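K.L.:
Sharing a model that was predicted from the sequence below.
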Amino acid sequence: MSGPTADAQLRGFIAKFTPEHQRIIRGTRKALRARIPTATELVYDNYNFFVIGYSPSGRPSDSIVSIAAGANGIGVCFIRGKGLPDPEGLLQGSGNQTRFLRVPGPEVLHRPAVKALLAAAIAKSRAPLPKKGRGALVIRSVSAKQRPRRKKG
């Protein structure tokens, strides 16, 4: 007998969050799926964060962007975000490579400046996106021990 499907596992991971965060995660996923439908979704339900990465090859190192969710909120991480054109100064972070955008609601992804950031990140991708088809949903790792997905109190 086999275990739950990847879709069922994903629903369970998202259900750990508050209803508002669930809405944001689902809406952000829908917007990214529409923008890069051929990317493989790589899911990690780790200790610190719940993450959905979008990779043209299915390899984590080729990921372009990811959704990162925790009890304090949701962000979109631009994996090679350093150096992306960001005239509105939307990207945060100071690491060697990754930059992130806080996502108070999925409508943020429909802003022209954010669409431009996504287009630039896709253009900077290490591997080309498949021209057709729909990327798979792959559960990569699940940590037995996790920080709470909802704020206490």
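P.N.:
Right, received. Where do you want to start?

K.L.:
Check which helix or strand Phe17 maps to.
P.N.:
Assignment of secondary structure by DSSP states H and E places Phe17 within no helix or strand.

K.L.:
how close does it sit to Lys30?
P.N.:
16 Å (Cβ to Cβ, to the nearest Å). Placement of C-beta: from N, CA and C, glycine included.

K.L.:
Between those two, which has more neighbouring residues?
P.N.:
Counted by other Cβ atoms under 10 Å, Phe17 and Lys30 do not tie: Phe17 has more neighbours, with 21 against 12.

K.L.:
For that one, which non-adjacent residue is closest in space?
P.N.:
Arg149 (4.9 Å; Cβ to Cβ, 6 or more residues apart in numbering).

K.L.:
All the helices of the chain, residue numbers only.
P.N.:
Using DSSP state H, the helices of the chain run over 6-15, 19-35, 112-123.

K.L.:
Turn these into CSV, columns for distance to Arg140 and mean pLDDT.
P.N.:
Shown next, in CSV, are these (distance: least, Cβ to Cβ, whole Å; pLDDT from 0 to 100):
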stretch, distance to Arg140, mean pLDDT
helix 6-15, 10, 94
helix 19-35, 16, 97
helix 112-123, 20, 97
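
K.L.:
Take these and lay them out in TSV including distance to Pro130.
P.N.:
Shown next, in TSV, are the helices of the chain (distance: least, Cβ to Cβ, whole Å):
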stretch	distance to Pro130
helix 6-15	18
helix 19-35	14
helix 112-123	12
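
K.L.:
for those, which one sits closest to Ser61?
P.N.:
Minimum separation from Ser61 across those (Cβ to Cβ) falls at helix 112-123, 14.9 Å.

K.L.:
Strands of the chain, residue ranges please.
P.N.:
Secondary structure of the chain by DSSP state E: the strands cover 40-45, 50-55, 65-70, 73-78, 99-102, 137-142.

K.L.:
separation between Gly53 and Pro87?
P.N.:
26 Å.

K.L.:
Between the two, which is the more surrounded one?
P.N.:
A count of neighbours by other Cβ under 10 Å puts Gly53 above the other of Gly53 and Pro87, at 24 against 8.
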